[in-house]
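Enquirer: Please find the sequence and the predicted model below.
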Amino acid sequence: MPSRRGFLAAALAVAVPASGQGREDAWQRLRAGGLVVLMRHASTEPGLGDPKGFSLEDCATQRNLSGAGRDEARRVGERFRAERVPVAQVLTSPWCRCRETAMLAFGTAADWEPLASFFDFPEREAEYTVRVRKRIGSYSSRKLRGNVVMVTHNVNIAALTRHSVGTSEMVLVRPDGCCDLRPLERLKV
């Protein structure tokens, strides 16, 4: 039986290209607000997962953004500003690559544990996925001023939406105001 890492590496290799790449209707939806943007962190230094013995409190022990990844994150923020997309809140995984992506793109971010990667901790998948799904579902798209951005990892986004996404790629979802979400489209800047 293939390992979890092997399965996820294969899934990443065949990720479906973004359908909303630069599409005006995606930007119009975002300008209207009321959405949650699930964004994968920007490009990292080579590798899969994190080094053995990594610590969330020490970025030097993690796989971090590459120079190209920092540029990607900045481009996302520049595009959001150019498109006049209102951002009400930015939440991020406590992993340094996610936090740095959020800060470079949006200038602000609050860590939220359920956005943390469960790549090396599969026992956390169900709990984290349920908590994120409930939080997204609790937003009312009609009452939400702006959009909520959640910067996280591919495994988290795939568990929530069944979309395997590339670095800096986003899945736009509409909260149902109760307890779930509806994926609308993917977007890559």
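Expert: On my side now, so go ahead. This is a predicted model, so every value here is computed, not measured. Numbers count the residues shown, from 1 in each chain.
Enquirer: Would you mind checking the average pLDDT for stretch 23-42?
Expert: Mean per-residue pLDDT for stretch 23-42: 94.
Enquirer: Do me a favour and get the end-to-end distance for that stretch?
Expert: End-to-end distance for stretch 23-42, by C-alpha to C-alpha, to the nearest Å: 20 Å.
Enquirer: Spatially nearest residue to the residue nearest the centre of the chain (excluding sequence neighbours)?
Expert: For the chain, the residue nearest the mean C-alpha position is residue 39 (2.5 Å; C-alpha atoms, centre = their mean). Nearest non-adjacent residue to residue 39, counting by C-beta to C-beta, 6 or more residues apart in numbering: residue 170, 4.5 Å away. Where you see a C-beta, it was placed from the backbone N, CA and C, and this is true even at glycine.
Enquirer: from what I can see that neighbour touches residue 183, true?
Expert: No. The criterion here is C-beta atoms under 8 Å, and residue 170 misses it with residue 183 at 10.8 Å.
Enquirer: Of those two, give the one with the bigger neighbour count.
Expert: Between residue 170 and residue 183, counted using other C-beta atoms under 10 Å, residue 170 has the larger neighbour count: 27 against 15.
Enquirer: for that one, phi and psi?
Expert: phi -120, psi 150 (degrees, to the nearest 10).
Enquirer: Next up, the contacts around it.
Expert: Residue 170 makes contact with 37-40, 186-188, according to C-beta atoms under 8 Å, 6 or more residues apart in numbering.
Enquirer: again with residue 50
Expert: Applying C-beta under 8 Å, 6+ apart to residue 50 gives the contacts 61-63, 95, 120.
Enquirer: Quick one: buried ones out of the residues you listed?
Expert: Burial by neighbour count, judged by 16 or more other C-beta atoms under 10 Å, picks out 62-63, 95 from those.
Enquirer: May I see the residues you listed arranged in TSV, with pLDDT as well?
Expert: Shown next, in TSV, are those (pLDDT from 0 to 100):
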residue	pLDDT
62	92
63	92
95	95
